[in-house]
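**Q** compute the structure for the input listed below.
(2 chains)
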Number of protein chains: 2
Amino acid sequence: MNGLMMQQPLLISSLIVHAERHHGDQEIVSRRVEGDIHRTTYRELAARSRRMANALAALGVKGGDRCATLAWNGYRHMELYYAVSGSGAVLHTLNPRLHPDQVVYIADHAEDQVLFFDLSFLPLIEAIASRTKTVRHFVAMTDRAHMPASSKVPGLLCYEELLEAQNDRFAWPSFDENTASSLCYTSGTTGNPKGVLYSHRSTLLHTFAIAMPDALNCSARDTVLPVVPMFHVNAWGLPYAACMVGAKMVFPGPGLDGKSLYELFESEGVTMSAGVPTVWQGLLAHVEANGLKFSTMRRTVIGGSACPPAMMHTFQERYDVQVIHAWGMTEMSPVGTAGTLKSKHLAMTAEQRFAVQSMQGRAVFGVDMKIVGADGAELPWDGKTSGELLVKGPWILDQYFRGEGGDPKRDGWFPTGDVATIDADGYMHITDRSKDVIKSGGEWIGSIDLENIAMAHPAVAMAACIAVAHPKWDERPLLVVVKKPGAEVTKDELLKFYEGRIAKWWTPDDVVFVDAIPLGATGKMQKNKLRESLKDYKLPTA
Amino acid sequence: MNGLMMQQPLLISSLIVHAERHHGDQEIVSRRVEGDIHRTTYRELAARSRRMANALAALGVKGGDRCATLAWNGYRHMELYYAVSGSGAVLHTLNPRLHPDQVVYIADHAEDQVLFFDLSFLPLIEAIASRTKTVRHFVAMTDRAHMPASSKVPGLLCYEELLEAQNDRFAWPSFDENTASSLCYTSGTTGNPKGVLYSHRSTLLHTFAIAMPDALNCSARDTVLPVVPMFHVNAWGLPYAACMVGAKMVFPGPGLDGKSLYELFESEGVTMSAGVPTVWQGLLAHVEANGLKFSTMRRTVIGGSACPPAMMHTFQERYDVQVIHAWGMTEMSPVGTAGTLKSKHLAMTAEQRFAVQSMQGRAVFGVDMKIVGADGAELPWDGKTSGELLVKGPWILDQYFRGEGGDPKRDGWFPTGDVATIDADGYMHITDRSKDVIKSGGEWIGSIDLENIAMAHPAVAMAACIAVAHPKWDERPLLVVVKKPGAEVTKDELLKFYEGRIAKWWTPDDVVFVDAIPLGATGKMQKNKLRESLKDYKLPTA
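**A** I've put the predicted structure just below:
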C-alpha cells in the first residue's frame, strides 16, 4: 500500500524557482574575467537561466545532450548549472587545469555538443577546437565588446548575444528525477579519467544533506564564497545549496591568490567559504604578512585533501574562523563526512575538541560507511583499527559513465581507495590513500600523519611522505620537503621534530629537499610521480 | 538518460540505523506514566525497535497493516515509530483527546489490527475495546509489574513481555519508498475525521526540510523536548529529525503542566522545544509566577495556531528564547513555513525584526505556496493582498485515505482553508481560516489579528473573534473573552484598547465575557461552536 502524498520529482530546476520566488533580491556577486565586479540577484539569474534554456533549444540541444563548461566560478557558470540541467540536458564541467590532450579525451568521451568557456581559456580552446569530435558550438562566456577580435575557433558564439536573442519565458520541464543532470570526470591519476554521472535526485538529496546544521550549515543569513571551483565536483554542491537556502553568493572568478580572495571576503561580508588546503595556505600567508583579520568570516570548509592541523589551529585560534573538516570524492557528489561536534564535546577542553575536529568527521545522513580488512570483513569502530573505507548512499556512484572500468562496487559498497579509522562516535580519520600507504615489515604506516607533522615545522612549506624500497622492511618512509622561502632546516632537525609526536618506528628514514612537489589538476600532491622519480633512491638505512 | 548513482530508497528505518551507528550513546529521556524518569540511548532504542518488529511479526502484522497507538510522548512510542513503519506496516497515531465515539470511528475506518496504549488511557480502551471491529490485540505499553490487576479488555497484552519474548536480530526490509508509513486523522471540525497517509519518501524529505538551519535547525548539539504530542502529526516530525541528526530527546509523557515541563527543561538541559500556544501559556505562567528563567533553552517552535505577538515578545525579550513561528497542517506532514530571518533583517531594529517574526514565515524548501482570489487567479506577494492559501510539494496530501471527500486538490494544488498575505520576501501571514473570516460590507476582516490584540491586554486570558449577523453589513465582529483569574476589564476598556492598533472599521462591535472557550482535540479554539451558541446574538449596532 502506497502513501497518498503528492508525487513530485526532485528536480534541479526547483532550486532556482525557489530562490527566485523566495529570495529574488538576494545578491550574487562575481569577480569577472573581464576584470570588474559584477552584481546580480537570484531574480535576474533565474530569468537569464530561462533565456539560456531557450538558447540551448535554439542550438539544438536535446534532453540528455552534454553541454560542457571550461569556466571559473561566476554567475554565468551558475546560470548554466540551471539552464543546462534544468532543461534536461547534462552539464559537463571540464577541468581547465588538465592537459589539453586530456581535455580532448574527456570532451570526446562525453560527446559534448556545446562548449562554454571563460575568455581566460581561449588559448586552450584554440588548441583543442579542431581536435574535438562532437562539439558543434563553442561559446565565449562574455559580451560582444569583450569577444576576441580574431579567433582561430570557427563560428565562435557570444554568450550574451545568445541570451539577448531569447526571451525569459521558459517552463522548466518535469521528468523522472533519476534523469542525468551533470557529469564530472575524476582526475584519473591512474589510467584515463572516468566520468561520474549525477542525477537530479542524487543532486537534490546531496543538497539537503550538505546544508544541514551538522554539515555545512547553510542559511539565508550566509554569504558564501566557494573557492573550490565549480569544475571541481560542482564546487562541492554550494551553487545548489545557495539556491535552496537563499544565501548570498560571492564568486571569485580567476582571482584565487590570497590578496584577491581576502579583499572579496571583506568587501562582500563573506561568512562562509570552502576550499582545498593549498588555497588556504595562500590566503593565510597574505593575512599573516599584512597583519590582517577576518571581519565577517565565521567558518570555512576544508576538504579535497586532509587539512593540516597547524592550518586548522591558525584559522580557529588566531582568526576565530571555525574549520569544518570535510571529506568526500567526485564519486560521492562529493560530501561524505563533515567534522562538526556533538553535544558531548561542548564540555571538553579546546585541545580535546581540536582532536575531534582533526579527524575528517562523521557521515552526513544518507551516507553509510564501513572499514574492512584485507579479507573484506568489517572492522571495529574503535578509533585505532584502520582499514579500507567503503561507502554507499543515494548520491554515491553506482557505475562510471559508459561502464568504464566495470562495476566498481563490492557487495553494493563503493571502495573509496582511502584507508581510515572510525571511532565509537562515528568520526572517521583518513590515515592514507590505499596506494600511498607505506608497508613496513607487514605493518601499515599512514603517510598523511607524517606529512602533517612535517607541515607543522615552521620552515616547511609542503611535505610528502612516500614509500621507498627497503631490503629488510620491504618499504620505509621517505620525507620529501619544500622549504619556505628563505627558511633553513636540516634533515636531522626535521627527523628530530618527530620525536614524541609519533611511534618511533614510523619516523621517516630520510629527508629529501626539493624545489617543488608536483600537484594534480585538483591541487592534490601527485605522490605517484614522486615515487616514480625517487624509485631508485637509496635510504641510508638500507 | 539516467544518472549512474546508487538506487537506494528513502526509508524510515534508515533513520534509526543511522542514529544507532553514529549516535549510539546519545540519550533519550522520558517521564513515564509509571511516574519515574526513564533513560535510554539510541543504541538501546534501536535494539528494542528491532525486538518489537519481531513481536509485530509474531502477532501476525503484515506489510501495510495499520497498528494504532494511544500514547503520550515517550521512548516506547518512539520505538513503535520505527518498529511499525520500519517493518513495512503503518503507524496510526490516534488522538486520545477525541471523543470515544470518534476514536472508534477512526480505528474502524483505519482497520487497525493492533492498538498500543499508555496506561493513562486504560479507561478509554475499556470503553471502546468491545466496539472496535478490526483490532485483534490490545497492548498496554508497560511492564508486567504495572499491568492492571484486572481489566475488562480480553487478552490484554503487555508491551515489555512482547519484547522479552523476542531477540533484537531483525533486518529492516527494503521496499519502495512510496510505501505508506504512517496515518494521522485530521480533527474533523466539520464532518468525519479524514485520514492522511504519509509515505517513507514524504517522511524522509520532510525530515530533511525541517532539520535545515532556516527551519527548526536541529543538530547533534541539541536537546529536543517535543511538547507537541506524537499523536499530533508525528510531533511535527521531531522523532524523525532527532534520529537524523543525533539530538538528545526528552519526552514529557503526560506531564504537560508548566511546572512539570519547566523542571524537565532545566534538569535535562533542553535547548529546543516545540508546541502550540496554549501549552506555552501554562509554562510561561509558571515561570513568571515563580520568578524563574530558562538556563539552557535557546529556541522554541510555536505552531498549530498563530503565536500571539505578546507571547513571542515575552519569550524573546524577557527569557532570551528565540521563537520560531511555524505553520503547517496534518495534510502537510505538517511543516510548510518557518519564521526565520534573512541576512537583510539582521541590520534592522528589534521592532522591525519582530514584525517579520510575527508572520508565519517563509516556505521551507520543497513547499510551493500561492494565494488566490475568488476567481482562482494568483494574487501578488505584496504583504497586503490576502487570499486563499494553496500549497504543493512532495510531503503534501494528494488524496485522503480511502478517497474520503474526493479529490481535495485544485489544479494540482492543495487548498489549505487558510486566508493569508505573502510579502515580497516570501513571508506568509495567516489572517484567518477561510471559514472564520468576517465578511463585513463585502470586505474581509481577519479574526486572528483582532484576537491577538485582545490577548495583549493584561486582563485577557483567551479571546476569540467571530462573525455575527448584521442587518446592514451582513456580518460584524464579536469579541468573546475569557478573563484572567481575578482580573477585571470592561467591554468599553477592551474596545478602546483597539484604538490606534487597527483600522477603525475592524474594531469589534461588542464584547461577550465567558468562563471558557471550547477547545478541540488539538488545542485549537472551536469557533464554529461559539458561532453556533451565539448565532442569535443581537449586536448593539444592529
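
**Q** tell me which strands and helices the least confident helix or strand in chain A by mean pLDDT is in contact with?
**A** Every helix and strand in chain A was compared by mean pLDDT, DSSP states H and E; the lowest is strand A:443-445, with a mean of 81. The contact analysis (3 or more Cβ pairs under 8 Å, 6 or more residues apart in numbering or on different chains; DSSP states H and E) places strand A:443-445 against strand A:438-440. The C-beta positions use only the backbone N, C-alpha and C, and glycine is treated the same way.

**Q** which residues touch the strand it packs on?
**A** Residues external to strand A:438-440 that are found in contact with it (Cβ atoms under 8 Å, 6 or more residues apart in numbering or on different chains): A:432, A:444-447, A:465-467, A:470, A:473-477, A:505.

**Q** longest helix of chain A?
**A** As assigned by DSSP state H, the longest helix anywhere in chain A is helix A:42-58.

**Q** any idea which helix or strand comes after that one?
**A** Using DSSP states H and E, the helix or strand that directly follows helix A:42-58 along the chain is strand A:66-70.

**Q** and that next one, what's its mean pLDDT?
**A** Per-region confidence: strand A:66-70 scores 98 on mean pLDDT.

**Q** where in chain A is pLDDT low?
**A** Using pLDDT under 70 as the threshold, the predicted model of chain A has low-confidence ranges A:188-190, A:522.

**Q** go ahead and flag the most central residue of it.
**A** For chain A, the residue whose C-alpha lies nearest the mean C-alpha position (Cα atoms, centre = their mean) is residue A:232; its distance is 4.8 Å.

**Q** would the longest helix of chain A count as contacting chain B?
**A** No - using Cβ under 8 Å from any Cβ of the partner chain, no contact is recorded between helix A:42-58 and chain B, whose separation bottoms out at 10.5 Å.

**Q** contacts for that helix?
**A** A:16-17, A:19-20, A:23-26, A:28, A:40, A:67, A:75, A:78-80, A:82-84, A:86-87, A:89, A:114, A:162-163, A:165-170, A:172, A:243, A:246.

**Q** please redo it, this time with the cut-off set to 7 Å
**A** In this structure, residues lying in contact with helix A:42-58 by Cβ atoms under 7 Å, 6 or more residues apart in numbering or on different chains are A:16, A:19-20, A:23-26, A:28, A:67, A:75, A:78-80, A:82-84, A:86-87, A:89, A:162-163, A:165-170.

**Q** what does stretch A:261-281 give?
**A** Surrounding stretch A:261-281, the residues in contact under the criterion Cβ under 7 Å, 6+ apart are A:29, A:31, A:222-228, A:236, A:238, A:250, A:252, A:255-256, A:283, A:286-287, A:292, A:294-305, A:307-308, A:311, A:523.

**Q** kindly export it (C-alpha atoms) in PDB.
**A** As requested, C-alpha coordinates have been extracted for stretch A:261-281 and formatted as PDB (Å, rounded to 0.1, in the frame of the first residue of the first chain):
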ATOM      1  CA  LEU A 261      40.300  36.400  -2.000                       C
ATOM      2  CA  TYR A 262      40.900  38.400   1.100                       C
ATOM      3  CA  GLU A 263      39.600  41.600  -0.500                       C
ATOM      4  CA  LEU A 264      36.400  39.900  -1.600                       C
ATOM      5  CA  PHE A 265      35.900  38.300   1.800                       C
ATOM      6  CA  GLU A 266      36.000  41.700   3.400                       C
ATOM      7  CA  SER A 267      34.200  43.800   0.800                       C
ATOM      8  CA  GLU A 268      31.300  41.400   0.400                       C
ATOM      9  CA  GLY A 269      30.900  40.300   4.100                       C
ATOM     10  CA  VAL A 270      31.600  36.700   3.400                       C
ATOM     11  CA  THR A 271      30.500  34.500   6.300                       C
ATOM     12  CA  MET A 272      31.500  31.100   4.900                       C
ATOM     13  CA  SER A 273      33.900  29.700   2.400                       C
ATOM     14  CA  ALA A 274      35.100  26.300   1.200                       C
ATOM     15  CA  GLY A 275      38.300  25.100  -0.500                       C
ATOM     16  CA  VAL A 276      41.300  22.800  -0.500                       C
ATOM     17  CA  PRO A 277      44.300  23.300   1.900                       C
ATOM     18  CA  THR A 278      46.600  24.700  -0.700                       C
ATOM     19  CA  VAL A 279      44.300  27.700  -1.400                       C
ATOM     20  CA  TRP A 280      44.100  28.500   2.300                       C
ATOM     21  CA  GLN A 281      47.900  28.500   2.500                       C
END
